[in-house]
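Build the 3D model from these lines:
(one chain, ligands or ions: 1)
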Amino acid sequence: MTLSILAGLFLLFLIGIIFYGYGFVVKSTRRADTENMEQCSLCRNNFDKRVLVEREIGDYKLMYFCKSCISALHDAAARIH
Ligand SMILES: [Zn+2]
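I've put the predicted structure just below:
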């Protein structure tokens, strides 16, 4: 009887650890996701940093531009000439 109670407690403990570990993994991947996200300086949509073009203004300000904004600028520039 004592053994089955101990076994049950151990099982609960294991389940708790598994859920705790799962929550930790989910949280850390979410944090990694938001770390890699950046807002486009023109359209204000969030994108993965890897698909954004990064430009430094002055010594500190970083600006990010998404592909659709760059092509919109390109089209606008093409219309000037
Ligand atoms: Zn944009």
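
and I80, how many neighbours?
I80 has 5 neighbours, counted by other Cβ atoms under 10 Å. The way it works is simple: take the backbone N, C-alpha and C, and place the C-beta from them, glycine included.

gap between it and H74?
Plainly put, I80 is 11 Å away from H74 if you go by Cβ to Cβ, to the nearest Å.

List the contacts of L42.
F65, C66, C69 (Cβ atoms under 8 Å, 6 or more residues apart in numbering).

Got the confidence number for A72?
A72 carries a pLDDT score of 97 in this model.

element containing S41, please.
Assigned by DSSP states H and E, S41 belongs to no helix or strand.

near the ion, which residues of the chain show up?
C40, L42, C43, C66, C69 (Cβ under 5 Å from the ion).

Now which of these would you call buried?
Neighbour-count burial (16 or more other Cβ atoms under 10 Å) is assigned, among the residues of the chain next to the ion, to C40, C66, C69.

okay but the first one is in contact with A72, surely?
In this case it means C40. No. C40 is beyond contact range of A72, at 11.1 Å (criterion: Cβ atoms under 8 Å).

Please, where are all the strands along this protein?
Applying DSSP state E to the chain gives strands spanning 37-39, 46-48, 53-57, 61-65.

will you turn those strands into CSV that also has mean pLDDT and mean neighbour count?
Listed next are these as CSV, based on pLDDT from 0 to 100; neighbours: other Cβ atoms under 10 Å:
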stretch, mean pLDDT, mean neighbour count
strand 37-39, 95, 15
strand 46-48, 96, 14
strand 53-57, 94, 10
strand 61-65, 94, 14
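
In the chain, where's the longest helix?
helix 2-36 (DSSP state H).

Check which residues of it are buried.
Within helix 2-36, no residue counts as buried by 16+ other Cβ under 10 Å.

which stretches of this structure have low pLDDT?
Scanning the chain for pLDDT under 70 picks out the ranges 30-33.

how's it carved up into domains?
1-37, 40-81 (automatic domain parsing).

Show the end-to-end separation of the last one, please.
Across its full length, domain 40-81 reaches 27 Å end to end, with Cα to Cα, to the nearest Å as the criterion.
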